[in-house]
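Asker: Here's a sequence, model it:
(one chain, ligands or ions: 7)
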Amino acid sequence: MGLLFFLQLFLVALLSGGAQHTHAWGTEGHYIVCKIAQSLLKENASKAVLDLLPKVAGGELGSVCSWADEIRYVYRWSYFLHFVNTPGVCDYNYSRDCHNPSGEKNMCAVGAISNFTAQLETYGDSSSDKYNLTESLMFLGHIVGDIHQPLHAGFLADLGGNRIRVQWYQELTNLHKVWDEKMIQKAMIDLYANNTDVMRKAIQSNLTEGWLDEILEWETCTKSVAIPDKYAAESVQLACDSAYKGVDQNSKLGDDYHSSRLPVVQKRIAQAGVRLATVLNRIFDKTAREKFSKIAVV
Ligand SMILES: *[C@@H]1O[C@H](CO)[C@@H](O)[C@H](O)[C@H]1NC(C)=O
Ligand SMILES: *[C@@H]1O[C@H](CO)[C@@H](O)[C@H](O)[C@H]1NC(C)=O
Ligand SMILES: *[C@@H]1O[C@H](CO)[C@@H](O)[C@H](O)[C@H]1NC(C)=O
Ligand SMILES: *[C@@H]1O[C@H](CO)[C@@H](O)[C@H](O)[C@H]1NC(C)=O
Ligand SMILES: *[C@@H]1O[C@H](CO)[C@@H](O)[C@H](O)[C@H]1NC(C)=O
Ligand SMILES: *[C@@H]1O[C@H](CO)[C@@H](O)[C@H](O)[C@H]1NC(C)=O
Ligand SMILES: [Zn+2]
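Answerer: Ligands and ions are numbered 1, 2, ... in the order given. This next block holds a predicted model:
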């Protein structure tokens, strides 16, 4: 444990010199996504998740939903599974966009969601020996969150906003970080007593109020257990319409930006939570799974 920790610090120090992607919704965002998801699990999925969670999680999916960020410098192959970038366009295309820099197909957030979903579908079968399903679950919980952060499906040239320097109130940072963490942290302090659970409850209460009419559409999918292509397409559209909009190098961002974009952040967190629950419920419900795989791809 100690050694691994120091190794991580060393690698982080080594890599933090250059422009790099930061880590998707900060820990608060990932925690809220997974906490909402776990509360929406049906019996079989709930049991399977408890069975697969590592002991340190104490039965809380939310407590291990940032694990994938912690190990991304250790499992180097997983580094590119946290996002997908487009060549500066507002639409997303799997065969064009989903690969790592060395051109390996499927090595992006969309491919990863399919990968870890397929691995978890072996739960209870003999073929599950091939995988560490505890890790598959922790990856899936994390990456479903990531892909809903609009700048995790941003433009390649600016690394999803990582290369766009901005002044956020009195602080110099970059646009990606504003979306991963800064807007959530500011909302927590201003509106939610700086408490993640207070913010989570505010978002979650909208599932039965403000967004009630839309939830069915978030959950709907006829093709497969998960539809990560759709989540990515929505994100890049929101990157264009909201995240990048009106922002240039060295833009000053403050109350106007925060108040107009925070609702987008909160809704994406809610969608990620609802969809993660839907995917897990389908994975661990064998009857539903058969139904999905039988429906032809349209
Ligand atoms: C997606 O990209 C591939 C490869 O660049 C291209 O052949 C295909 O036509 C594109 N599909 C759409 C719908 O644009
Ligand atoms: C799928 O997961 C395995 C680890 O079980 C990993 O080696 C592989 O690179 C992953 N591929 C994608 C597309 O996520
Ligand atoms: C599965 O992964 C977890 C988290 O990395 C690790 O603690 C555990 O030892 C692994 N299990 C096996 C059987 O390798
Ligand atoms: C909010 O909480 C975080 C994490 O607990 C803490 O680091 C930060 O100082 C707090 N900020 C304020 C303004 O209370
Ligand atoms: C709840 O939903 C309304 C209507 O979409 C939205 O304006 C508001 O920002 C949402 N509140 C939270 C806490 O997400
Ligand atoms: C839940 O699990 C039990 C025991 O494995 C199984 O018999 C039942 O069919 C499952 N229910 C669903 C809806 O998958
Ligand atoms: Zn991430």
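
Asker: Tell me which residues are up against the helix or strand where His176 lies.
Answerer: For His176, the host element (DSSP states H and E) is helix 175-177. Helix 175-177 is contacted by residues 21-22, 151, 154, 158-162, 164, 166, 168, 243-244, 247 when judged by C-beta atoms under 8 Å, 6 or more residues apart in numbering. Every C-beta, even on glycine, is put in place using the N, C-alpha and C of the backbone.

Asker: first to last residue in stretch 166-175, what's the distance?
Answerer: 6 Å (C-alpha to C-alpha, to the nearest Å).

Asker: show me the contacts for the closest residue to ligand 6 within the stretch 151-298 of the chain.
Answerer: The nearest approach of the stretch 151-298 of the chain to ligand 6 comes at Asp285, 3.9 Å away (C-beta to the nearest ligand atom). With contact set as C-beta under 8 Å, 6+ apart, Asp285 has these partners: 42, 44-45.

Asker: Please produce a PyMOL select command covering the buried subset of those residues.
Answerer: Buried subset of the contacts of Asp285, written as a PyMOL selection, criterion 16 or more other C-beta atoms under 10 Å:
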select buried, resi 44+45
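
Asker: For the stretch 51-200 of the chain, what lies in contact range of ligand 3?
Answerer: 54, 132, 134-135 (C-beta under 6 Å from any ligand atom).

Asker: tell me which residues in the helix or strand harbouring Ile113 are buried?
Answerer: Assigned by DSSP H and E, Ile113 falls within helix 109-120. Using 16+ other C-beta under 10 Å as the test for burial, helix 109-120 gives 109-117, 119-120.

Asker: can you count the residues close to Met107?
Answerer: 21 (other C-beta atoms under 10 Å).

Asker: Now it: phi and psi?
Answerer: Main-chain dihedrals, Met107, degrees, to the nearest 10: phi -90, psi 70.

Asker: residues in contact with the nearest residue to it once chain neighbours are set aside?
Answerer: Once flanking residues are discounted, Met107 sits nearest to Asn100: 3.8 Å by C-beta to C-beta, 6 or more residues apart in numbering. Residues in contact with Asn100 (C-beta under 8 Å, 6+ apart) are 79-80, 107-108.

Asker: If you rank the residues you listed by neighbours, which is first?
Answerer: Cys108 (26 neighbours).

Asker: Would you mind listing the residues in contact with the residue nearest to Lys182 when sequence neighbours are not counted?
Answerer: In this structure, Lys182 finds its nearest non-sequential neighbour in Trp168, 5.3 Å apart by C-beta to C-beta, 6+ apart. For Trp168, the contact set (C-beta under 8 Å, 6+ apart) comprises 177-178, 182, 253-254.

Asker: for Cys108, same thing?
Answerer: For Cys108, counting by C-beta under 8 Å, 6+ apart, the contacting residues are 80-81, 83-84, 97-100.

Asker: Please apply the same query to Cys90.
Answerer: 236-237, 239-241.

Asker: Could you do Val144 as well?
Answerer: Per C-beta under 8 Å, 6+ apart, neighbours of Val144: 33, 37, 113, 226, 228, 231, 272, 275-276, 279.

Asker: now Ile143
Answerer: Counting by C-beta under 8 Å, 6+ apart, Ile143 has contacts 68, 81-82, 109, 112-113, 116.

Asker: Just put those in a markdown table and tack on pLDDT.
Answerer: Formatted as a markdown table, these follow (pLDDT from 0 to 100):
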| residue | pLDDT |
| --- | --- |
| Ala68 | 97 |
| Leu81 | 98 |
| His82 | 98 |
| Ala109 | 97 |
| Ala112 | 97 |
| Ile113 | 97 |
| Phe116 | 97 |
